[in-house]
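Asker: need the 3D shape of this:
(chains A and B)
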Amino acid sequence: MKKTYKIEVDCANCANLMEQAAKKTPGVKDASVSYMSLKMKVEFEEGAEEKAVMQEVFKACRKIEPDCEIEF
Amino acid sequence: MNLNKKQKKSLRRIIISAALLLAVNLISLPELLSMALYAASYWCIGQDVLKKALKGIINRQVFDENFLMAVATVGAIALALFDGTGDFNEAVAVMLFYQVGELFESIAVGRSRRNINELMDLRPDYARLETENGLEELDPEDVPVGSIILVQPGERVPLDGTVIEGSSALDSSALTGESMPRDVSVGDSIVSGCINLSGILRIETTKEFGESTVARIMELVENSSHRKSRSENFISRFARVYTPAVCCSALALALLPPVARMIMGMEAMFSVWLYRALTFLVISCPCALVISIPLSFFAGIGGASRAGILVKGSNFLEALSQVKNLVFDKTGTLTLGVFEVSHVESFGMDKARLIELAAHAEWASSHPISLSLQRAYAKEIDRSRVSNITEHSGYGITATVDGISLAIGNRKLMELQNVSCEEISHSGTCIHVAAEGKYAGYILISDLVKPNSAKAISELKKLGIERIVMLTGDNHSSAAHFAGQLGISEFYAELLPNHKVEKLEELMAAQKPRHKLCFVGDGINDAPVITRSDIGIAMGALGSDAAIEAADIVLMDDDPLKIAKAIKISRKCVGIVYQNIVFALGIKLLCLVLGALGYAGMWAAIFADVGVMVLAVLNAIRALNTKAV
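Answerer: Here you go, the predicted structure:
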């Protein structure tokens, strides 16, 4: 399953780090963050619970950039 | 200027902090008061950074730029206190400029994001639906397939459909970059995103909004920034190494030289080296470098789509700039893919008469050849003049027209009829005509090259494309004819679709490692070849879902000149990216060296950092302008 989420972040490097963090989150098969279109694309692993995984992704991203947002 | 809430807050803080800093420097105040003013100014501008730095430490994000700026400025304040100079200007100013840079970046990126999105904004606001209670304005997303909608002059066609009433001219420039309006009338299919110029059109919709051309194009362009270019990946990897590396060298710079000096029996000068180390921290922020690359590609892709060239990812735009081998499909790509009478030779009657007889004899056939004969005749066919039509499958037909018995077909038919005819070496399909058992002449029917094909090939050669190859399923003589006409020296003919893939793989294996091979086709029956090549370009893709699906780069119209344009756009964009990488890295390295030697202080470092970022961002936005390339 692939989903795209709107994000809010205002530094390009943070966006890259968020991508790294999302990729490392369990349940995420692949992720990419586009700083230019302010979107995060997440491919979930088979059987992963979307909401729960995204909660974890969000937590990990918040650690990198305390005022980032992900709409999920 | 439209600033969002965050930006306004930041601007307010910058102004207050700058005013306080100015005041404390202009007015002579008692020491305690001036210290308080410095502190107020610093807190005003730096509170967010300090807070985030603290959070960063808690979250173990030590190489986060907030942390670095916090350490650098707090360190500078500590040094000033320690040295007893009481000069806190530097610390406050560094933070101030850092914030000015951040604000600029945020505004510039936000603006170009908006500009490019506006450029791409083909989204129709409403669809005017015909219902029992008259016209109703609806969100295009809510219009089901098969509805009747009305589009008035000046409005954007909201959904793909077929014209059922009215005629008009459509401006498709937002989709194709082609400014010439296209005429449509009843029965024509039209795509969403075009602007209706002259008449009212009633349209029966054939697709839902999500499947319509506009939605697909917008989705494609929006997704393009997710497919990252090699340089983008390089820089984000580099950034991950760069910051820790500079921080480590800062630490080394703070400790090693003083210790070495002590060992050599000189004064340690701890504060001098500490200051230089703090300067390093200021330079270690990677953001200027990181932002300009995706921004350049985003702008390049935006500019390209303005010209009717849709690029599905930054990686493809980057790869296109390295193309050295270009492989073309022939029919429909370099040629129009239509069959026209190109040459007539007649014996014993004039050419027009020959065409007239042939067109009449063939009237009952729906074969493309017979259709092109009828187009060449261009007059009404009088069926009563024709009798005795017999079709000889694989050979041609015999018929009687105006009382003349005719045999029309290939050489074999002529042999069957015991008519001797000459061998024709021209390209295309040759139709021999015999009248009353005597050879009357032949009609050549062939495809036509597109008006811009030859120019496109010569442009591509000028761009340094080393190998241009044409692949075709057509026969050898016809392929040779077209290749010669277009100036293509290498071609492979009589290839079945699977042979095209094999040939392409052969060509890809033969190229040098860093070179890229690009295949250009019309996307109709060459999807496997398009998919297999390094970069697959589909042309004339407006309205063709299969082509949009298979290709990496989609040309909305079918002008082969656009290929050269696409390559030029990609080279300009990649050129800007390299300029930015070299420039930003160069300045940073220079500052590091000068900082280590003590020639550049924190002031210079922050100026260089913000300055480089501003210039890199401005340079990146240049990629948006694709008109002049």
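Asker: now stretch B:473-485: buried residues?
Answerer: Buried residues in stretch B:473-485, counted by 16 or more other Cβ atoms under 10 Å in any protein chain shown: B:Gly473, B:Asp474, B:Ser478, B:Ala479, B:His481, B:Phe482, B:Ala483. Where you see a C-beta, it was placed from the backbone N, CA and C, and this is true even at glycine.
Asker: what does stretch B:595-610 give?
Answerer: B:Gly595, B:Ala596, B:Ala600, B:Gly601, B:Met602, B:Ala604, B:Ala605, B:Ile606, B:Phe607, B:Ala608, B:Asp609, B:Val610.
Asker: and the two most separated of these?
Answerer: B:Ala596 and B:Val610 (20.5 Å; Cβ to Cβ).
Asker: enumerate the residues of chain B near chain A.
Answerer: Contact residues, chain B versus chain A (Cβ under 8 Å from any Cβ of the partner chain): B:6, B:51-52, B:55, B:59, B:61, B:64-65, B:102, B:105-106, B:109, B:113, B:116, B:222-223, B:225-226, B:228, B:236, B:239, B:286-287, B:290-291, B:294-295, B:297-298.
Asker: residue numbers of chain A in contact with chain B?
Answerer: A:10-13, A:16, A:32, A:34-39, A:41, A:63-64, A:66-67.
Asker: tell me which of these fall in helices.
Answerer: Among the residues of chain A next to chain B, DSSP state H puts A:Ala12, A:Asn13, A:Asn16, A:Lys63, A:Ile64 in helices.
Asker: domains in chain B, by residue range?
Answerer: B:1-123, B:144-207, B:213-334+B:450-629, B:336-448 (automatic domain parsing).
Asker: with distance to B:Gly134 and mean pLDDT as added columns, please give these in a markdown table.
Answerer: Converted to a markdown table, these look like this (distance: least, Cβ to Cβ, whole Å; pLDDT from 0 to 100):
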| stretch | distance to B:Gly134 | mean pLDDT |
| --- | --- | --- |
| domain B:1-123 | 25 | 86 |
| domain B:144-207 | 11 | 88 |
| domain B:213-334+B:450-629 | 26 | 87 |
| domain B:336-448 | 43 | 84 |
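Asker: please identify the residue most distant from the middle of chain A.
Answerer: Distance from the centre of chain A peaks at A:Gly47, with 18.0 Å (Cα atoms, centre = their mean).
Asker: what ranges do the strands span in the stretch 201-350 of chain B?
Answerer: B:201-205, B:309-311, B:323-329, B:335-346 (DSSP state E, counting those that start in this stretch).
Asker: ok, now chain A?
Answerer: A:2-8, A:28-34, A:39-44, A:69-71 (DSSP state E).
Asker: mind checking how far the last one is from the chain centre?
Answerer: Using Cα atoms, centre = their mean, to the nearest Å, the distance from the centre of strand A:69-71 to the centre of the chain it belongs to is 8 Å.
Asker: over to stretch B:234-250?
Answerer: Counting by Cα atoms, centre = their mean, stretch B:234-250 comes out at 31 Å from the chain centroid.
Asker: CA atoms only for it - export them in CSV, please.
Answerer: Only the C-alpha atoms of stretch B:234-250 are listed here, as CSV (Å, rounded to 0.1, in the frame of the first residue of the first chain):
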residue,chain,number,x,y,z
PHE,B,234,24.7,12.8,-3.4
ILE,B,235,24.2,16.1,-1.6
SER,B,236,21.9,14.6,1.0
ARG,B,237,24.4,11.9,1.7
PHE,B,238,27.1,14.5,1.7
ALA,B,239,25.2,16.7,4.2
ARG,B,240,25.0,13.8,6.6
VAL,B,241,28.8,13.4,6.5
TYR,B,242,29.7,17.1,6.1
THR,B,243,28.2,18.5,9.3
PRO,B,244,29.7,15.9,11.7
ALA,B,245,33.1,16.2,9.9
VAL,B,246,33.2,20.0,10.2
CYS,B,247,32.2,19.7,13.9
CYS,B,248,34.9,17.2,14.6
SER,B,249,37.4,19.4,12.9
ALA,B,250,36.1,22.3,15.0
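Asker: buried ones in it, by neighbour count?
Answerer: Within stretch B:234-250, judged by 16+ other Cβ under 10 Å, the buried ones are B:Ile235, B:Ser236, B:Phe238, B:Ala239, B:Arg240, B:Tyr242, B:Thr243, B:Val246, B:Cys247, B:Ser249, B:Ala250.
Asker: can you lay out those as CSV showing distance to B:Leu517?
Answerer: Converted to CSV, the buried residues of stretch B:234-250 look like this (distance: Cβ to Cβ, whole Å):
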residue, distance to B:Leu517
B:Ile235, 26
B:Ser236, 27
B:Phe238, 29
B:Ala239, 32
B:Arg240, 32
B:Tyr242, 34
B:Thr243, 38
B:Val246, 40
B:Cys247, 43
B:Ser249, 43
B:Ala250, 46
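Asker: of those, closest to chain A?
Answerer: Distance to chain A, by Cβ to the nearest Cβ, is smallest for B:Ser236 among those, at 4.2 Å.
Asker: enumerate every residue touching residue 53.
Answerer: All of this is about chain A. A:Thr25, A:Pro26, A:Gly27, A:Val28, A:Val42, A:Phe44 (Cβ atoms under 8 Å, 6 or more residues apart in numbering or on different chains).
Asker: if you could check chain B rather than the one you did, that'd help
Answerer: Contacts of B:Ala53 by Cβ under 8 Å, 6+ apart are B:Asp64, B:Asn66, B:Phe67, B:Met69, B:Ala70, B:Val71.
Asker: swap in 10 Å and give it another go.
Answerer: Each residue near B:Ala53 by Cβ atoms under 10 Å, 6 or more residues apart in numbering or on different chains is listed here: B:Gly46, B:Gln61, B:Val62, B:Asp64, B:Glu65, B:Asn66, B:Phe67, B:Leu68, B:Met69, B:Ala70, B:Val71, B:Val74.
Asker: do B:Asn580 as well
Answerer: B:Asn580 touches B:231, B:235, B:288-289, B:291-293, B:295-296, B:612, B:615-617, B:619-620, counting by Cβ under 10 Å, 6+ apart.
Asker: follow-up on the earlier one: filter the residues of chain A next to chain B to the buried ones?
Answerer: A:10-13, A:16, A:32, A:34-39, A:41, A:63-64, A:66.
Asker: quick one: neighbours of the nearest residue to A:Phe44 once chain neighbours are set aside, just the number.
Answerer: Nearest residue to A:Phe44, sequence neighbours excluded (Cβ to Cβ, 6 or more residues apart in numbering or on different chains): A:Met1, at 4.7 Å. Residues lying near A:Met1 (other Cβ atoms under 10 Å in any protein chain shown) number 11.
Asker: and the residue of the stretch 351-500 of chain B closest to chain A?
Answerer: Closest point on the stretch 351-500 of chain B to chain A, by Cβ to the nearest Cβ, is B:Leu463, at 27.5 Å.
Asker: neighbours of that residue, how many?
Answerer: 14.
Asker: what's the helix or strand for the residue nearest to it when sequence neighbours are not counted?
Answerer: Spatial nearest neighbour of B:Leu463, chain neighbours left out: B:Ile567 (5.6 Å); criterion: Cβ to Cβ, 6+ apart. Using DSSP states H and E, B:Ile567 maps to helix B:561-597.
Asker: please identify the helix or strand for B:Gly540.
Answerer: Assigned by DSSP H and E, B:Gly540 belongs to no helix or strand.
Asker: show me what contacts residue 2?
Answerer: Going with chain A. By Cβ under 10 Å, 6+ apart, the contact set of A:Lys2 is A:Lys29, A:Asp30, A:Lys41, A:Val42, A:Glu43, A:Phe44.
Asker: the intended chain is chain B.
Answerer: B:Ile107, B:Gly110, B:Arg111, B:Arg114.
Asker: which among the residues you listed count as buried?
Answerer: For the contacts of B:Asn2, a burial check counting by 16+ other Cβ under 10 Å picks out B:Ile107, B:Gly110.
Asker: return the member of the contacts of B:Asn2 nearest to chain A.
Answerer: So of these, ranked by how close each gets to chain A (Cβ to the nearest Cβ), first place is B:Gly110, at 8.7 Å.
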